[in-house]
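Novice: Need a 3D model of the sequence below.
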Amino acid sequence: MLLLTLWGGAASAQLGGKSVVATERTRAELLAHAPDGLEPGKPVWVGLQLAHQPEWHSYWKNPGDSGLPTKLEWKLPVGVLAGEIAWPMPRKYPIGTLINYGYEHTVLLPVPLTITPEFKPSLLGGALEVKLKAQWLVCRKECIPEEGEFLLAIPARSAIALHGPVFQASFAAQPKQLAGKATATIDENSLRLRVSGLPADLRETPLEFFPESQEVIETSAPWSQAWEGKIWTARVPLSPQRSQSPDVMPIVLTQGNKGWRVDALVQGPWPAMAAPVTMSPALQEALRKNVIAAGTESGSGLSLMVALLGALLGGLILNLMPCVFPVLAIKVVGFTQHAANQRARRLDGAAYSAGVVASFMALGLILVALRGAGQQLGWGFQLQVPGVVAALAVLFALIGLNLAGLFEVRQCIPARLASLQSNNPVANAFLSGVLAVVVASPCTAPFMGAALGLAVALPAAQAILIFATLGAGMALPYLVASWIPAFTQLLPRPGEWTVTFRKLMAYPMFAAVAWLIWVLGQQTGIDAAGALLAVLVATSMLAWSLSLLGRTRLIVGGIAVAWTAGCAWLLVGQISTVRPPQAAAVSDSVWQNWAPGRAELLLASGRPVFVDFTAAWCVTCQYNKKTVLQDPQVLAAFASKDVALLRADWTIRDPEITAELGKFGRSGVPLYVLYSGNGPAQVLSEMLSASELRATLSALPSIPSLPVPHAPQQFLGLRP
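Specialist: Alright, predicted model coming up:
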């Protein structure tokens, strides 16, 4: 088996994971080259190969007038260090009045790995696991950000040379280090270059010039070059938006397929730089207005009152959300049980309401305390933890089995505890209120988003008051119904139908379990979802065994306990490895993964941007996605206005998404934002409708077909 493993690794340098990401524009692949194996001091290379479709190109380390360089983030084991990208020679891409530096066709970006003595692979078939998160920008007439996550396992006990010719071709395409000297002299608004030591056969031959430093020269402006004997000289205009004043300027000179790199020492003082701006004034103003609209400024009395009203209305509407239905349906049975006892009915309603309000206050207290400690959290934060999702699935499954009549709690616990349960209906009603909040936490109702966004920005006492009001709104319908005798008269008398209704209510609980399994699969993968299913089967057997008698109960219960423990151990192992935020690729090619700055970059290319802040555990988000965001008419409306679609997946905790939500005065999902570039960003309602979205899109101006990005420099350093 060891020999087969080594042979397979030598053939492909991959023992698992994903090494290829393909889109309509590029094919990206992570390659490895270790001709002498993984030993300290031996050359080991990895590299991202980008194969572009015709007319598409990506960018060099200095992209030129616009664009972004490819970014590689490595995750390596202890004892392995990644170096910098060994950039091949770029070429110039004139587009209109702009000049960019980059690559077309196929290019490999190699990176050297240093293997130190601290790297200790396993003795039996160990491998070096290389993880890469890459981001690159591809452009034609339009620019599209792309990204991918790659995993490569390089065998530690064998040489890898399968892709040797590809790496050698990339090494040959890199500029050679020039042995001569170079200087750069500041001459008013120009840079005068003098380079010596170039090959003699280049004299009197024009060269291409590429500065490695970004935003120093005016890339698209005319420049001049000449030979003074053995010395190559050039005069290059400085950029009016220059953002650097380096003491050394690395430059690359090319002629045909040959290139040379040299560090030019800068002589003379630099002129004053323009003040850097990292965000467009229009976008800054839009974000400021959104924060004000959400009432996050200074917590004024009026804003607090509006937030309390929003929390009350949001809590009321929360009762209509699908997540809360199973628990509310169970409470209907409680009404019928106390139909003839007004005092018991009112105590039940008050206890249930107290449980709801207390649970919301507890959630709010935890959220405010953790945010005060520096944690980036929001509404529904507990469902971002796979362990909590799995535990809720087990709890809901047990409740469903209980409702279906598989077992009764009083049969599974000692008689003394069973009598306590029967003698304390108020405690039961209180706990049902707690359960209702647990079930409701994945949902966000209208009016809730702004209220919760303000809550996390207010002092603790005011924040807890908002959470308490939200709970009061959710509990209010049941409380009122329990105190009004006329409502009870509308219900049929207790009878056989209550038994049937109780069993029927098991199925919404089982549906909630199926949804939680799907959520866990989105968070940690299909293996964890399978392990959770095994735990649920074993748990159901354990619950059933508790209703048996005598020796049969001991035998079946022992088997069920062992089975449950083994499956639980397997599940813990699966959920301990959580995928990074937004690691799952967006399946629909129309949508792109959200990343900080990506919306601004797309705006810079002249396109409106729609951002869907969502999570797999958010029922409202999934409903809106299926009914609105996948509607063919809505997608056609997006396409007619050339709207770029971004999806920010908050299923797993992501501080960057949390911070972005905070910019709009929100602390939870869903959030839908439309950037048009012609005014403040528009925040749409949580319960999205196709008609609302199409009406919003119809107000967008027609976007002319632009040959090149034309936005000002304020967007991510893009220059005119």
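Novice: Was I right to think Leu645 contacts Pro608?
Specialist: No. Using C-beta atoms under 8 Å, Leu645 is not in contact with Pro608, being 10.1 Å away. (Each C-beta comes from the backbone N, C-alpha and C, glycine too.)
Novice: For Thr552, give its distance to Gly558.
Specialist: Distance of Thr552 to Gly558, given as C-beta to C-beta, to the nearest Å: 11 Å.
Novice: By residue count, tell me the biggest helix in the chain.
Specialist: With secondary structure taken from DSSP state H, the chain has its longest helix at helix 342-372.
Novice: Give me the distance between that helix and the centre of its chain.
Specialist: When C-alpha coordinates are averaged (C-alpha atoms, centre = their mean, to the nearest Å), helix 342-372 and its chain have centres 32 Å apart.
Novice: Surely Gly400 touches Leu504?
Specialist: No. Contact criterion C-beta under 8 Å: Gly400 and Leu504 do not qualify, at 11.1 Å.
Novice: Could you list the low-pLDDT ranges of the stretch 501-650 of the chain?
Specialist: Scanning the stretch 501-650 of the chain for pLDDT under 70 picks out 576-589, 619.
Novice: now the strands for it?
Specialist: Secondary structure of the stretch 501-650 of the chain (DSSP state E, counting those that start in this stretch): strands at 591-593, 609-614, 644-649.
Novice: can you give me the strands in the stretch 251-400 of the chain?
Specialist: Here the stretch 251-400 of the chain has its strands, by DSSP E, counting those that start in this stretch, at 258-267.
Novice: sec struct for Glu39, please.
Specialist: coil (DSSP: H, G, I helix; E, B strand; the rest coil).
Novice: Return the backbone torsion pair for it.
Specialist: Main-chain torsions, Glu39, degrees, to the nearest 10: phi -130, psi 150.
Novice: I'd like to know which elements the longest helix of the chain is packed against.
Specialist: helix 325-337, helix 425-440, helix 460-483 (3 or more C-beta pairs under 8 Å, 6 or more residues apart in numbering; DSSP states H and E).
Novice: same thing but at 6 Å, please
Specialist: helix 425-440, helix 460-483 (3 or more C-beta pairs under 6 Å, 6 or more residues apart in numbering; DSSP states H and E).
Novice: what angle do the last one and helix 425-440 make?
Specialist: By that I understand helix 460-483. For helix 460-483 against helix 425-440, the angle by axes from the mean of the first three to the mean of the last three C-alpha atoms, to 10 degrees is 120 degrees.
Novice: Any buried residues in helix 460-483, and which?
Specialist: Neighbour-count burial for helix 460-483 flags 462-479, 481-482 (criterion: 16 or more other C-beta atoms under 10 Å).
Novice: ok, Glu24 to Gln267 distance?
Specialist: 48 Å.
Novice: Please identify which of the two sits among more neighbours.
Specialist: Taking neighbours as other C-beta atoms under 10 Å, Glu24 and Gln267 compare with Gln267 leading, 13 against 10.
Novice: In contact with that one: list those residues for me.
Specialist: Going by C-beta atoms under 6 Å, 6 or more residues apart in numbering, Gln267 touches 183, 185.
Novice: Okay, it and Gln225: tell me how far apart.
Specialist: Counting by C-beta to C-beta - Gln267 and Gln225 are separated by 19 Å.
Novice: Same question for Ala369.
Specialist: 64 Å.
Novice: So if I had to pick from these two, which one is more boxed in?
Specialist: Gln225 (15 against 12).
Novice: So what's the predicted local confidence for that one?
Specialist: Looking at Gln225, its pLDDT is 89.
Novice: Helix or strand for it, just tell me which one.
Specialist: strand 224-228 (DSSP states H and E).
Novice: when you compare where the following helix or strand past that strand runs with where strand 224-228 runs, what's the angle?
Specialist: Beyond strand 224-228 on the C-terminal side, the first helix or strand identified by DSSP H and E is strand 231-237. Inter-element angle recorded for strand 231-237 and strand 224-228: 160 degrees (by the same axes, to 10 degrees).
Novice: So which elements touch strand 231-237?
Specialist: Strand 231-237 packs on strand 190-195, strand 224-228, going by 3+ C-beta pairs under 6 Å, 6+ apart.
Novice: try 10 Å
Specialist: The helices and strands touching strand 231-237, judged by 3 or more C-beta pairs under 10 Å, 6 or more residues apart in numbering; DSSP states H and E, are strand 182-187, strand 190-195, strand 208-211, strand 224-228, strand 248-255.
Novice: could you dump those to a markdown table with distance to Trp60?
Specialist: Listed next are the helices and strands packed on strand 231-237 as a markdown table, based on distance: least, C-beta to C-beta, whole Å:
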| stretch | distance to Trp60 |
| --- | --- |
| strand 182-187 | 19 |
| strand 190-195 | 19 |
| strand 208-211 | 7 |
| strand 224-228 | 20 |
| strand 248-255 | 9 |
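Novice: Could you point out which of the ones you listed sits nearest Ala159?
Specialist: strand 248-255 (32.4 Å; C-beta to C-beta).
Novice: Identify the neighbouring strands of the closest one in the sheet and state each direction.
Specialist: strand 208-211 (antiparallel), strand 258-267 (antiparallel) (DSSP bridges).
Novice: Please identify the most buried of these.
Specialist: Each of these was scored by mean neighbour count; the highest is strand 208-211, a mean of 20, by mean count of other C-beta atoms under 10 Å.
Novice: Quick one: mean pLDDT for that one?
Specialist: 90.
Novice: Over to stretch 80-97?
Specialist: 87.
Novice: Tell me, how many residues neighbour Glu496?
Specialist: Glu496: 7 surrounding residues under other C-beta under 10 Å.
Novice: distance of it from Glu692?
Specialist: 46 Å.
Novice: can you check Val248 too?
Specialist: Counting by C-beta to C-beta, the gap from Val248 to Glu692 is 56 Å.
Novice: Pick out whichever of the two has more residues nearby.
Specialist: Higher neighbour count among Val248 and Glu692: Glu692, with 14 against 11, using other C-beta under 10 Å.
Novice: Packing partners of the strand or helix carrying the more buried one?
Specialist: Applying DSSP H and E as the criterion places Glu692 in helix 690-698. In terms of contacts (3+ C-beta pairs under 10 Å, 6+ apart), helix 690-698 is packed against strand 609-614, helix 632-640, strand 671-675, strand 682-684.
Novice: Just the terminal-to-terminal distance for stretch 233-249.
Specialist: Terminal residues of stretch 233-249 are spaced 15 Å apart (C-alpha to C-alpha, to the nearest Å).
Novice: what mean pLDDT does it have?
Specialist: 83.
Novice: So which bits of it are buried?
Specialist: Buried-residue list, stretch 233-249, by 16+ other C-beta under 10 Å: 234, 236-239, 241-243, 249.
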